[in-house]
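**Student:** Test case, fold it:
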Amino acid sequence: MSYKEKFLPGIAVELIVLEGEYEGKYRTRIEEVREKTLSVGAPLIPLHEGTKVRLILWDKVAAYALETTIVQRIATPVSVFILELTDSVSKVQRRSYVRVPAMYPLTFETVTEEGLSDLHRAMMIDLSGGGMQFLTEKKLENNAVIYAHLALPSGDLRTAARVSRAVRTEDGKRYIISVEFDYIAERERDRIIRCVFDIQRAMRKKGLV
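**Tutor:** Numbers count the residues shown, from 1 in each chain. A predicted model of the protein is given here:
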């Protein structure tokens with residue numbers, strides 16, 4: 001199976017605008033795939049034909065990037081961008097992040113087709129720039145998307161995350177949830193990395209590392 005064949009309808013993706021006034025990252029999903037084009041939901045930004053973009057999607061082991069351009073914008077019945085389905089698809093290596101023990105309270109909501117769920121409480125177990133583990137009474141399925149509110153020493157932080165693993169505790173009453181920060185803004189990831197470094201420094205002073 002080629003990397004190109006991983007771009008399928010219904011899959012959540014990140015649309016990265018590489019140039020112009022609206023340069024940045026936008027969450028969307030693939031709507032339709034044809035032989036030479038694919039369509040994605042259009043964020044509320046007025047991008048023009050010919051704008052260079054990068055489309056990123058994730059599976060359980062890696063991320064994949066499609067380098068392409070916007071061919072057309074269609075407004076009805078739903079607003080979509082038509083992108084050229086090129087052969088310029090590559091596997092993106094995930095960055096390796098230091099993981100440290102971290103016990104901070106957090107709350108989260110699950111993302112569903114109807115919107116956000118009720119608020120659930122949890123306690124963080126460890127933290128890295130790439131993800132975290134936390135303890136909660138709420139059972140979550142693999143690849144579920146949550147919207148988490150972290151109470152870090154440097155201030156509150158909100159981000160979406162993808163569940164990569166859920167394990168029931170020995171007493172059967174709670175779950176240890178592992179999530180990946182696949183959708184986080186880089187400035188927020190930098191805040192988490194600084195927090196991890198601060199924890200490391202404190203651990204070194206106590207002789208724990």
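
**Student:** and residue 119, how many neighbours does it have?
**Tutor:** Neighbours of residue 119 under the rule other Cβ atoms under 10 Å: 10. Yep, even glycine has a C-beta here, placed from its N, CA and C like the rest.

**Student:** got a list of contacts for the one helix or strand residue 150 maps to?
**Tutor:** Secondary structure assignment for residue 150, by DSSP states H and E: strand 145-152. Strand 145-152 is contacted from outside by 12, 104-111, 116, 124, 140, 156-163, 179, 183, 191-192, 195, using Cβ atoms under 8 Å, 6 or more residues apart in numbering.

**Student:** Please identify the buried residues of that strand?
**Tutor:** 145-148, 150, 152 (16 or more other Cβ atoms under 10 Å).

**Student:** Please work out the average pLDDT along that strand.
**Tutor:** Averaging pLDDT along strand 145-152 gives 93.

**Student:** how far out from the middle of the chain is it?
**Tutor:** 12 Å (Cα atoms, centre = their mean, to the nearest Å).

**Student:** biggest strand in the chain, by residue count?
**Tutor:** strand 155-168 (DSSP state E).

**Student:** Which other helices and strands does that strand contact?
**Tutor:** strand 131-136, strand 145-152, strand 175-180, helix 186-205 (3 or more Cβ pairs under 8 Å, 6 or more residues apart in numbering; DSSP states H and E).

**Student:** Which one, of the ones you listed, ends up nearest to residue 37?
**Tutor:** Residue 37 sits nearest to strand 145-152 of all the helices and strands packed on strand 155-168, at 26.6 Å, using Cβ to Cβ.

**Student:** Name whatever forms a beta bridge with the closest residue to residue 57 other than its chain neighbours.
**Tutor:** Distances taken as Cβ to Cβ, 6 or more residues apart in numbering put residue 13 closest to residue 57, at 4.6 Å, once the chain neighbours are dropped. Beta-bridge pairing for residue 13 (DSSP bridges): residue 28.

**Student:** mind checking how far residue 13 is from residue 51?
**Tutor:** Noted for residue 13: a distance of 16 Å to residue 51, by Cβ to Cβ, to the nearest Å.
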